[in-house]
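In: Predicted coordinates and the sequence they were generated for:
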Amino acid sequence: MISRLIISSFIVISGFAQDLSLSKAYELILLNENSLKANEYILKSKEEDIVQAKSKLYPQIEGKISITESKREINRTNSEELERNKNYSIYISQAIFHPEYYGSINKSKYAFEYEKLVLEEKKQRVTLEMLDIYLNILKLLQIWLMQFVLLFGVKNRES
């Protein structure tokens, strides 16, 4: 009974280990690790911050339209006069030199580079954890294989 349990568990584990190579395990962990996905989204956000900081240097255009109507009564002839006023305005501004804008751009670039380093560090940490688990599985397989050989060898000697 014990030897059947060892044999069946060995077959299941060895089948799993053959299908999951180290490179495949590395690919899977990089695709499925939630903390890495979160850091990738943070990295995209920091990249967008750079674009937004640079946009302050572009020309800014603002428009405004206002229409007012008023009625005036003229007493002598009992007639009314309708008066309309239309006002249009467009404001255009261009930042020529604002050090705070350039500082904001540099700050966004540094934050982006920092997040890239954080992402790479997390990838390395996750990879090391995955490698440790993978090696422990291989050690476990080796121990089970040795136990199987010892049990199987003992049965052969008895018969």
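Out: Thanks, I have it.
In: going forward, measure contacts and count neighbours with C-alpha atoms only.
Out: OK.
In: roughly how far out does the helix or strand containing residue 35 sit from the chain middle?
Out: Residue 35 belongs to helix 34-55 when elements are defined using DSSP states H and E. When C-alpha coordinates are averaged (C-alpha atoms, centre = their mean, to the nearest Å), helix 34-55 and its chain have centres 7 Å apart.
In: try stretch 111-130
Out: Its chain's C-alpha centre and that of stretch 111-130 lie 12 Å apart, by C-alpha atoms, centre = their mean.
In: Check which residues of that stretch are buried.
Out: 111-112, 115-116, 118-119, 123, 126-127, 130 (16 or more other C-alpha atoms under 10 Å).
In: Give me the contacts around it.
Out: With C-alpha atoms under 8 Å, 6 or more residues apart in numbering as the contact definition, stretch 111-130 has outside contacts at 25-26, 29-30, 36, 39-40, 42-43, 46-47.
In: Going by contacts, tell me the helices and strands next to the helix holding residue 35.
Out: Using 3 or more C-alpha pairs under 8 Å, 6 or more residues apart in numbering; DSSP states H and E as the contact criterion, the secondary-structure elements in contact with helix 34-55 are helix 99-158.
In: before we move on, the earlier item: minimum pLDDT in the buried residues of stretch 111-130, which residue is that?
Out: In this model, the minimum pLDDT among these belongs to residue 130 (87).
In: how close does it get to residue 34?
Out: Distance from residue 130 to residue 34, counting by C-alpha to C-alpha, to the nearest Å: 14 Å.
In: shaky segments in the chain?
Out: Low-confidence segments of the chain, defined by pLDDT under 70, span residues 1-19, 72-82, 154-159.
In: Try it again at 80.
Out: 1-22, 67-85, 95, 152-159 (pLDDT under 80).
In: export the following helix or strand past the helix holding residue 35 as CSV, just CAs?
Out: Scanning the chain past helix 34-55 towards its C-terminal end, the next helix or strand to appear is strand 60-74 (assignment: DSSP H and E). What follows is strand 60-74 as a C-alpha-only set of coordinates in CSV (Å, rounded to 0.1, in the frame of the first residue of the first chain):
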residue,chain,number,x,y,z
GLN,A,60,-2.9,77.2,-23.9
ILE,A,61,-6.0,78.3,-25.7
GLU,A,62,-9.2,79.4,-24.0
GLY,A,63,-12.3,80.8,-25.6
LYS,A,64,-15.4,82.5,-24.2
ILE,A,65,-18.7,83.6,-25.8
SER,A,66,-21.3,85.6,-24.1
ILE,A,67,-24.6,87.0,-25.5
THR,A,68,-26.8,89.4,-23.6
GLU,A,69,-30.2,90.7,-24.5
SER,A,70,-31.9,93.7,-23.0
LYS,A,71,-35.1,95.6,-23.7
ARG,A,72,-35.4,99.3,-23.5
GLU,A,73,-38.6,101.3,-23.5
ILE,A,74,-38.8,104.6,-25.2
